[in-house]
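Chemist: Next input, structure requested:
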Amino acid sequence: MFKNTFKTLLLLISISILAACGDVTPVTEPHGIGSKTAPVLVEEFSDLQCPACASISPKLEEVVRNNSDIARFEYRHFPLSFHEHAFRAAEASECAADQDKFFEYIAVVFENQPNIAEENLFSFAEDLGLNKEQFSVCMNERQKRNQVTADLREGQKRNVGATPTIFVNGLVIRWSGAENFEAYIKDIAEQLQNQPL
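Modeler: Residues are numbered from 1 along each chain as shown. Predicted structure coming up:
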């Protein structure tokens, strides 16, 4: 009896300590566009301070939005260590996600990429009409650090070394423009449809 009570007490103390750290937001699935049952899964590991990502990511997202019947797009964070604002920008986008503005927030960050110092991350949230207090608490308590770190670790596990890295149905592909990419995912979807059961 005493042993079980002691274990319960230790568990409650551990939970309280973790909660006090402000870094216990559970890790969630990547943010996605399109049906989870679509035959083509497009995953992007991206860095919000990466110029190539700012150029490619919106086009990638647009192609998938236009083909959401056959493709799903999932965005994952991969902030590179030499981009000093990338990790905090990723955290900010996750704080925006709490208010259902993830893709809108990353679009604003990409559009304003030269100006993504910490203070501007708060301005972007305000410009999108986010609840200022909720966003500030999320950022100041570093509530999304685990989410960004989990994406980073997933990328490392999958040998991502640069951004953007794009996977289509688990295979890394090289970006060669929106038209080529659209033709590619349509071709994959068609091949999968024609496979015998």
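
Chemist: Where does the prediction get shaky in this protein?
Modeler: For the chain, the stretches with pLDDT under 70 are 1-27, 196-197.

Chemist: which stretches of it form strands?
Modeler: 31-33, 40-46, 71-77, 165-168, 171-173 (DSSP state E).

Chemist: Can you list the strands that the last one pairs with?
Modeler: Yep, that's strand 171-173 we're talking about. Using DSSP bridges, strand 171-173 pairs in its sheet with strand 165-168 (antiparallel).

Chemist: Can you check which of the strands of the chain gets nearest to R153?
Modeler: strand 71-77 (10.4 Å; CB to CB). To be clear about C-beta, it is placed using only N, CA and C from the backbone, and glycine gets the same treatment.

Chemist: Which strands and helices lie in contact with that closest one?
Modeler: strand 31-33, strand 40-46, helix 51-66, helix 86-97, helix 102-111, helix 145-157 (3 or more CB pairs under 8 Å, 6 or more residues apart in numbering; DSSP states H and E).

Chemist: can you do 6 Å?
Modeler: strand 31-33, strand 40-46, helix 51-66, helix 145-157 (3 or more CB pairs under 6 Å, 6 or more residues apart in numbering; DSSP states H and E).

Chemist: Nearest to G170 among those would be which one?
Modeler: Smallest distance to G170 across those (CB to CB): 7.6 Å, for strand 40-46.

Chemist: show me what contacts the residue sitting nearest the centre point of the chain?
Modeler: The centroid of the chain falls nearest to R76 when counting by CA atoms, centre = their mean (3.5 Å). R76 is in contact with 30, 45, 151, counting by CB atoms under 6 Å, 6 or more residues apart in numbering.
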